[in-house]
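**Student:** Starting from these lines, generate the structure:
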Amino acid sequence: MHGNPERTALLARSATFIALLAAGAWAAFPVGPVPVTLQTFFLLLAAPVMKRRAVVPASLYLLLGALNLPVFHSGLSGIGVLLGPSGGFLAGFIPAAAVAGLAYEKRSRMIRIAGLAAGTIIIYGCGAAWLLLSAGISLPAALLVGVLLFLPGDILKGAGVFLLGERLR
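**Tutor:** Numbers count the residues shown, from 1 in each chain. Presented below is the predicted three-dimensional model:
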């Protein structure tokens with residue numbers, strides 16, 4: 001990496017956001033089968049900082065958790081977490097980071113806001129779909145425990161990410 005500042009910055013930012021995702025996972029508040037955490041805040045915050053490369057820490061975070069490092073909510077790890085109720089939400093991290101990151105490559109504030117919203121909706125969609133499949137619950141129940149319970153907090157997290165992203169520019 002000597003002599004390549006872009007690669008060094010990618011490595012440093014990726015490590016920072018992986019650490020933030022893991023720390024955000026420890027702030028877990030049980031509200032149903034899937035806890036409310038600060039992970040999505042840090043996941044989306046990677047978008048204004050890393051743009052399209054926000055998928056790198058998201059992907060590595062999931063890989064580290066799958067390899068049994070205790071980075072998931074409440075210090076959990078392993079494939080079992082990915083196959084459990086939280087798995088769909090976690091799987092949504094990669095496409096959500098990609099969409100939000102690509103939106104932050106545009107100058108338009110509306111596109112950036114839409115990218116953050118779309119990233120959150122992707123996480124909800126993956127999470128609710130996985131709850132339908134893995135928990136065998138109905139669609140209204142999946143939407144209640146996989147979307148509606150998270151909506152107020154995620155609106156605040158998205159607003160916070162947008163405001164911080166504006167300051168980081």
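**Student:** separation between the nearest residue to Pro48 once chain neighbours are set aside and Leu45?
**Tutor:** Leaving aside its sequence neighbours, Pro48 sits nearest to Gly165 (CB to CB, 6 or more residues apart in numbering; 3.1 Å). Every residue, glycine included, has its C-beta placed from N, CA and C. Distance of Gly165 to Leu45, computed by CB to CB, to the nearest Å: 7 Å.
**Student:** same thing with Ala12?
**Tutor:** Distance of Ala12 to Leu45, computed by CB to CB: 15 Å.
**Student:** So which of those two has more stuff around it?
**Tutor:** With neighbours defined as other CB atoms under 10 Å, Ala12 and Leu45 compare such that Leu45 has more, 25 against 11.
**Student:** How confident was the prediction at that one?
**Tutor:** pLDDT for Leu45: 98.
**Student:** Give the next helix or strand downstream of whichever helix or strand Phe89 is part of.
**Tutor:** Using DSSP states H and E, Phe89 maps to helix 87-91. Helices and strands here follow DSSP H and E; after helix 87-91, the next one along the chain is helix 93-103.
**Student:** list the helices and strands whichever helix or strand comes after that following helix packs on?
**Tutor:** Per DSSP H and E, helix 93-103 leads on to helix 109-135 as the next helix or strand towards the C-terminus. Other helices and strands packing on helix 109-135, by 3 or more CB pairs under 8 Å, 6 or more residues apart in numbering; DSSP states H and E, are helix 39-50, helix 87-91, helix 93-103, helix 139-143, helix 151-168.
**Student:** pLDDT below threshold where in the protein?
**Tutor:** 1-2, 169 (pLDDT under 70).
**Student:** In contact with the nearest residue to Arg53 once chain neighbours are set aside: list those residues for me.
**Tutor:** Leaving aside its sequence neighbours, Arg53 sits nearest to Leu10 (CB to CB, 6+ apart; 6.0 Å). Neighbour list for Leu10: Met50, Arg53, Val56 [criterion: CB atoms under 8 Å, 6 or more residues apart in numbering].
**Student:** same check, this time on Phe29
**Tutor:** By CB under 8 Å, 6+ apart, Phe29 lies in contact with Pro35, Val36, Thr37.
**Student:** and Asn4, how many neighbours?
**Tutor:** Counted with other CB under 10 Å, Asn4 comes out at 10.
**Student:** Appreciated, that's everything.
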